[in-house]
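**Student:** using only what follows, build the 3D model:
(one chain, ligands or ions: 2)
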Amino acid sequence: MTNSDRPRITVLSPEVAARIAAGEVIERPASVVKELVENALDAGASHIEVEVDGGGIDRIRVRDDGHGIPPEQVADAFERHATSKLRSEHDLFAVRTLGFRGEALASIAAAADVDLTSRTDGQQAAAVARLRDGRLDRLGSAAAAPGTTVEARDLFAALPARRRFLRTPRAEARAVTDSIAALALAYPEVAFRVVTDGRVALASPGTGDPGDAIAAVHGADVAAALVPVSATRRDEETGAAAEVAGLAGPPSLHRGSRAYLHLVANGRTISSRTIAYAIEQAYAGLIPAGRHPVALVRITVPPDQIDVNVHPTKAEVRFRHERLVYATVADAVRQALAGSGVPLAPTPLALPGSLDGWRGADEAPRALDGRGVIAGARPAPMIVVPSEAAHEPSSTVGSEATSGEQPEMSIGARLPMLRTLGQVDRAYLVAEAPDGLYLVDQHAAHERVLYEQVLAAKRSGTPASQPLLEAVVTPLSAAQASLALAESAVLVDLGWGIDPTDGAAVILRAVPAALAGRDAPAALRDHLDRMDAEERLTGPDRAAASLACRAAVMAGDRLDEEQQRALLRALEGCETPHTCPHGRPTMLHLSRDALDRSFGRR
Ligand code: ADP
Ligand code: MG
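**Tutor:** Ligands and ions are numbered 1, 2, ... in the order given. This is a model prediction of the structure:
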């Protein structure tokens with residue numbers, strides 16, 4: 001399309017504007033970046049560069065080599081509801097571009113100081129616009145390459161209430177990188193580069209191969225393991241159609257969070273519980289409970305079978321024929337796994353443990369022995385307890401549960417001696433004590449035990465660490481690598497031995513003792529992912545909590561009697577046994593009294 005036949009930017013009629021899902025477009029730096037990058041994609045850019053300083057709060061710059069804005073339309077682009085992408089209400093039902101509301105530039109200019117430079121191919125010079133307080137302050141021209149550059153500074157400077165809701169600059173920078181990573185996966189033919197505070201956080205090559213985009217985002221080893229996914233379905237009667245293409249990981253590649261599940265619908269990165277579920281269903285029984293597959297699934301439906309106008313930040317969409325889409329995705333992934341030769345019959349997720357170890361489906365025996373953590377009849381080591389632990393939520397669990405007809409769940413500070421009665425549903429331990437019955441969440445309890453041990457070791461200045469026989473070069477995703485770099489001191493304190501390299505990899509020399517015996521590179525990646533997911537956690541030591549969570553037994557792990565006893569004994573030794581590091585309860589207590597009352601004995 002040449003510039004002369006490209007639609008002009010015009011203000012939408014009030015009727016059309018009123019039909020657009022209203023709401024806050026700009027919540028944080030990542031939303032500014034996402035809108036600007038979507039504009040660049042709509043402009044047909046093949047190279048997009050994003051720079052953010054101070055998490056994007058100080059400065060955001062997005063530069064593209066797209067078709068640019070004709071000089072006489074630059075001012076219009078900043079009008080509210082001004083767009084070149086939508087004309088009539090009718091167009092709303094078949095949107096083919098990422099933008100369509102004409103709100104982004106206006107909203108960004110209202111929230112930050114904006115400078116835009118844009119040159120179309122036909123123009124000798126670029127148009128330059130300067131906006132202050134949401135108003136056009138100066139319009140001029142300058143020499144520049146074809147394409148558009150938008151710079152936004154001091155986001156929310158005039159809106160202190162909004163600024164208070166922002167997280168740390170590092171967290172905001174991460175959110176920026178994550179949202180661009182998602183777009184890089186949706187647009188493998190476009191080369192993206194994200195620089196945060198002078199450091200390249202992400203660089204995708206733009207080869208058009210989704211595998212190359214995955215390699216840029218999640219590392220070459222992840223990309224190499226993926227198998228192609230594809231399926232098409234059409235219902236002649238209703239005209240419903242869906243095409244699915246992408247890449248999916250083998251079950252052995254499971255991860256601790258859904259951050260590796262990427263969904264794209266008609267070029268939009270979306271979040272959809274339903275579609276995520278369709279993918280995870282294909283892995284049911286193949287990966288351990290609480291773990292998630294790696295996949296990039298790109299869905300294409302006719303433009304009139306998807307409603308993109310549901311959510312102000314366009315994160316959600318509605319499929320007109322959701323069941324067909326669901327079935328196509330589930331099918332595609334299932335076939336890909338079948339074709340890759342992995343066994344599709346459910347495998348047991350945990351093998352019966354032996355006296356001196358526990359074995360998960362996919363990993364070497366966990367380090368539950370030798371460290372006096374779970375295995376063995378030794379009493380758990382007494383832990384010297386950090387005084388900060390005193391701020392942990394105190395002795396009563398579930399305040400609503402203590403009132404009314406519910407049995408009491410009063411809990412003292414330390415645990416009495418517990419007698420193990422067994423395991424329920426591979427998730428809970430049942431125990432009795434002189435004061436009644438205890439139900440213990442095995443994962444939360446083990447997390448608490450490990451958390452206190454890790455903190456005690458850290459405090460003692462000698463983190464419990466186990467050197468690897470041979471250093472391992474560990475490829476990381478761009479996000480993991482920047483977290484590893486930023487938190488290297490913290491990681492060392494916990495027992496990791498890592499040296500940085502030039503690229504998105506580290507050299508792994510030692511692992512925290514709690515993780516000894518595991519696949520070390522996988523454990524590091526997981527720990528980083530978890531630290532990332534727990535960014536919001538305040539109070540307890542986030543990195544230690546993530547490590548404990550990573551190392552703890554999971555719901556679904558079978559524990560033999562000896563292991564059950566050892567875990568409860570270790571919990572008895574904890575200073576704050578009643579909550580996990582995240583503040584969730586580790587146990588329920590039913591006093592004898594409560595039992596008697598519940599059964600009408602009193
Ligand atoms: P929308 O994307 O919903 O149309 P925006 O406020 O984001 O609204 O942008 C307004 C208009 O400015 C767009 O419709 C487009 O014509 C133009 N525009 C914005 N950014 C760019 C860009 N990077 N390259 C070319 N044109 C752009
Ligand atoms: Mg836009």
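**Student:** touching ligand 1 at all, stretch 75-86?
**Tutor:** Yes. Judged by CB under 6 Å from any ligand atom, stretch 75-86 comes into contact with ligand 1 at 77, 82-85. All C-beta spots, glycine's among them, are computed from the backbone N, C-alpha and C.
**Student:** in helices only, show me those residues.
**Tutor:** Taking DSSP state H, the ones among the residues of stretch 75-86 next to ligand 1 that sit in helices are residue 77.
**Student:** mind putting the residues of stretch 75-86 next to ligand 1 in a markdown table, neighbour count and pLDDT included?
**Tutor:** Shown next, in a markdown table, are the residues of stretch 75-86 next to ligand 1 (neighbours: other CB atoms under 10 Å; pLDDT from 0 to 100):
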| residue | neighbour count | pLDDT |
| --- | --- | --- |
| 77 | 24 | 93 |
| 82 | 20 | 82 |
| 83 | 26 | 86 |
| 84 | 21 | 82 |
| 85 | 17 | 81 |
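**Student:** quick check, nearest of the residues of stretch 75-86 next to ligand 1 to residue 450?
**Tutor:** Residue 450 has its nearest neighbour among the residues of stretch 75-86 next to ligand 1 in residue 85, at 52.5 Å by CB to CB.
**Student:** test my guess that that closest one contacts residue 100.
**Tutor:** Yes. Counting by CB atoms under 8 Å, residue 100 is a contact partner of residue 85 at 4.9 Å.
**Student:** any idea whether the residue lying closest to residue 242 once chain neighbours are set aside is helix, strand or coil?
**Tutor:** Closest residue in space to residue 242, ignoring its immediate chain neighbours: residue 328 at 4.3 Å, by CB to CB, 6 or more residues apart in numbering. Here residue 328 is helix, with the state taken from DSSP: H, G, I helix; E, B strand; the rest coil.
**Student:** need the pLDDT of residue 328.
**Tutor:** pLDDT, residue 328: 93.
**Student:** cool, and residue 144?
**Tutor:** With respect to pLDDT, residue 144 scores 95.
**Student:** what count of nearby residues applies to it?
**Tutor:** 18 (other CB atoms under 10 Å).
**Student:** what of residue 498?
**Tutor:** Residue neighbour count, defined by other CB under 10 Å, stands at 20 for residue 498.
**Student:** tell me if it really is in a strand.
**Tutor:** Yes. Judged by three-state DSSP, residue 498 forms part of a strand.
**Student:** regarding the residue lying closest to it once chain neighbours are set aside, what is its secondary structure?
**Tutor:** Leaving aside its chain neighbours, residue 498 sits nearest to residue 506 (4.5 Å; criterion: CB to CB, 6+ apart). Following three-state DSSP, residue 506 is assigned to strand.
**Student:** tell me the bridge partners for residue 506.
**Tutor:** Beta bridges link residue 506 to residue 474, residue 500 when assigned by DSSP bridges.
**Student:** wait, it touches residue 496, no?
**Tutor:** No. Using CB under 8 Å as the test, residue 506 is too far from residue 496 to be in contact (9.1 Å).
**Student:** residue 299 is in contact with residue 262, correct?
**Tutor:** No. Residue 262 is beyond contact range of residue 299, at 11.3 Å (criterion: CB under 8 Å).
**Student:** who are the packing partners of the helix or strand where residue 177 lies?
**Tutor:** For residue 177, the element it lies in under DSSP states H and E is helix 169-186. Packed against helix 169-186 by the contact rule (3 or more CB pairs under 8 Å, 6 or more residues apart in numbering; DSSP states H and E) you find helix 29-42, strand 47-53, strand 191-196, strand 199-203, helix 210-218, strand 261-265, strand 268-270, helix 478-486.
**Student:** let's see it at 6 Å
**Tutor:** For helix 169-186, the helices and strands in contact under the criterion 3 or more CB pairs under 6 Å, 6 or more residues apart in numbering; DSSP states H and E are helix 29-42, strand 47-53, strand 191-196, strand 199-203, helix 210-218.
**Student:** tell me which residues in it are buried?
**Tutor:** Using 16 or more other CB atoms under 10 Å as the burial criterion, the residues of helix 169-186 that qualify are 169-186.
**Student:** is that helix in proximity to ligand 1?
**Tutor:** No. Applying CB under 6 Å from any ligand atom, one finds helix 169-186 out of contact with ligand 1, separated by at least 13.7 Å.
**Student:** model confidence over that helix, on average?
**Tutor:** Helix 169-186 shows a mean pLDDT of 94.
**Student:** what's the angle from that helix to strand 261-265?
**Tutor:** With axes from the mean of the first three to the mean of the last three CA atoms, to 10 degrees applied, the angle from helix 169-186 to strand 261-265 works out at 60 degrees.
**Student:** pull the residues that contact helix 169-186.
**Tutor:** Helix 169-186 is touched from outside by 29-30, 33-34, 37, 50, 52, 54-56, 166, 192, 194, 196, 201-202, 204, 213, 217, 262, 264, 269, 296, 479, 535, with contacts defined as CB atoms under 6 Å, 6 or more residues apart in numbering.
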